[in-house]
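Engineer: got a sequence here, can you model it:
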Amino acid sequence: MNDIGVFEAIYSQRQFTRYKPDLVPREAIDKIIDAATKAPSGGNKQPWHFIAITERDLIEKIGGLYRDLWLGAMGATPPPGESPAYTSARYLANHMPGVPAMILVCADHTMGTVPYTKGDPIERGRYASSLWLAVQNLFLAARALGLGTRITTTHLREEQKVKDWLEIPDHMETVCLTPLGYPRGRFGPTDRTPSADVTSYNRFGQRS
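Structural biologist: Sure thing, here's the model as predicted:
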């Protein structure tokens with residue numbers, strides 16, 4: 001598996017909604033998850049767990065749930081003037097059951113400084129500052145291997161169903177779900193606000 005430089009990955013990374021049907025090699029999945037585990041974390045607690053979903057029946061069940069939840073919230077048909085971003089998201093919702101693979105990113109609440117006791121309520125988002133760093137590592141590693149990703153959280157509206165299907169214990173919080181596959185379409189360059197427009201030196205609004 002040939003990869004690319006970190007700056008090329010950063011400057012060309014996109015979120016994808018359209019994927020080829022090609023299977024994602026286990027070697028590639030393992031490599032990008034390994035990259036995710038190299039992220040820094042608060043207190044070096046490393047409170048993450050990654051569930052690679054490759055079984056077709058599980059992808060179809062979770063993808064079907066995602067589709068129904070997304071369309072239920074946003075409407076089965078696009079409203080007049082729907083933005084391109086939402087048109088793309090709608091496409092993904094309709095095709096989520098057919099993506100080649102998924103990775104569910106979870107937070108392990110037994111890794112904190114306060115021991116988790118069975119039955120304790122989970123403080124959602126407690127480990128977000130660590131988890132999102134790992135997710136970005138995962139996404140950049142996927143990009144380096146020519147694989148597309150996208151952050152989604154729609155499944156959280158029916159999180160318990162997903163936890164039951166994947167046999168996820170109570171102390172685990174599901175944080176985000178990414179489809180994973182070889183994209184239909186091109187990687188970057190990305191369309192972003194110029195960094196000079198959002199950068200100050202020493203004092204807000206000071207450019208030099």
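Engineer: verify the stated contact: P97 with E60.
Structural biologist: Yes. Counting by C-beta atoms under 8 Å, P97 does reach E60; the two are 4.6 Å apart. The C-beta positions use only the backbone N, C-alpha and C, and glycine is treated the same way.
Engineer: can you give me the helices in this protein?
Structural biologist: Ranges of helices within the chain are 6-12, 26-36, 56-74, 84-95, 128-144, 159-166, based on DSSP state H.
Engineer: which strands and helices sit next to the second one?
Structural biologist: If you count contacts as 3 or more C-beta pairs under 8 Å, 6 or more residues apart in numbering; DSSP states H and E, helix 26-36 packs onto strand 48-53, strand 101-108, helix 128-144.
Engineer: which residue sits farthest out from the middle of this protein?
Structural biologist: Distance from the C-alpha centroid of the chain, by C-alpha atoms, centre = their mean, peaks at S208 (36.2 Å).
Engineer: separation between that residue and S200?
Structural biologist: 10 Å (C-beta to C-beta, to the nearest Å).
Engineer: what's opposite the nearest residue to I33 once chain neighbours are set aside in the beta bridge?
Structural biologist: Closest residue to I33 apart from its sequence neighbours, by C-beta to C-beta, 6 or more residues apart in numbering: F50 at 4.9 Å. In this entry, F50 is beta-bridged to V105, by DSSP bridges.
Engineer: tell me the contacts of F50?
Structural biologist: By C-beta atoms under 8 Å, 6 or more residues apart in numbering, the residues touching F50 are 33, 36, 103-106, 138.
Engineer: pLDDT score for V114?
Structural biologist: On pLDDT, V114 comes in at 65.
Engineer: and the helices of the chain, which is most packed in?
Structural biologist: Counting by mean count of other C-beta atoms under 10 Å, helix 128-144 has the highest mean neighbour count of the helices of the chain, with a mean of 20.
Engineer: what about the nearest residue to Y66 once chain neighbours are set aside, distance to M74?
Structural biologist: Leaving aside its sequence neighbours, Y66 sits nearest to M96 (C-beta to C-beta, 6+ apart; 4.5 Å). With distances taken as C-beta to C-beta, M96 is found 13 Å from M74.
Engineer: ok, S12 next?
Structural biologist: Applying C-beta to C-beta, the value for S12 to M74 is 29 Å.
Engineer: repeat for L145
Structural biologist: Here the criterion is C-beta to C-beta. By it, L145 lies 31 Å from M74.
Engineer: please name every helix or strand in contact with the helix or strand of the chain with the lowest mean pLDDT.
Structural biologist: One helix or strand of the chain scores below all others by mean pLDDT, DSSP states H and E: helix 6-12, with a mean of 83. Judged by 3+ C-beta pairs under 8 Å, 6+ apart, helix 6-12 is in contact with helix 128-144.
Engineer: the helix it packs on vs strand 48-53, what angle?
Structural biologist: 40 degrees (axes from the mean of the first three to the mean of the last three C-alpha atoms, to 10 degrees).
Engineer: helix 128-144 vs helix 26-36, what angle?
Structural biologist: Going by the same axes, to 10 degrees, helix 128-144 makes 140 degrees with helix 26-36.
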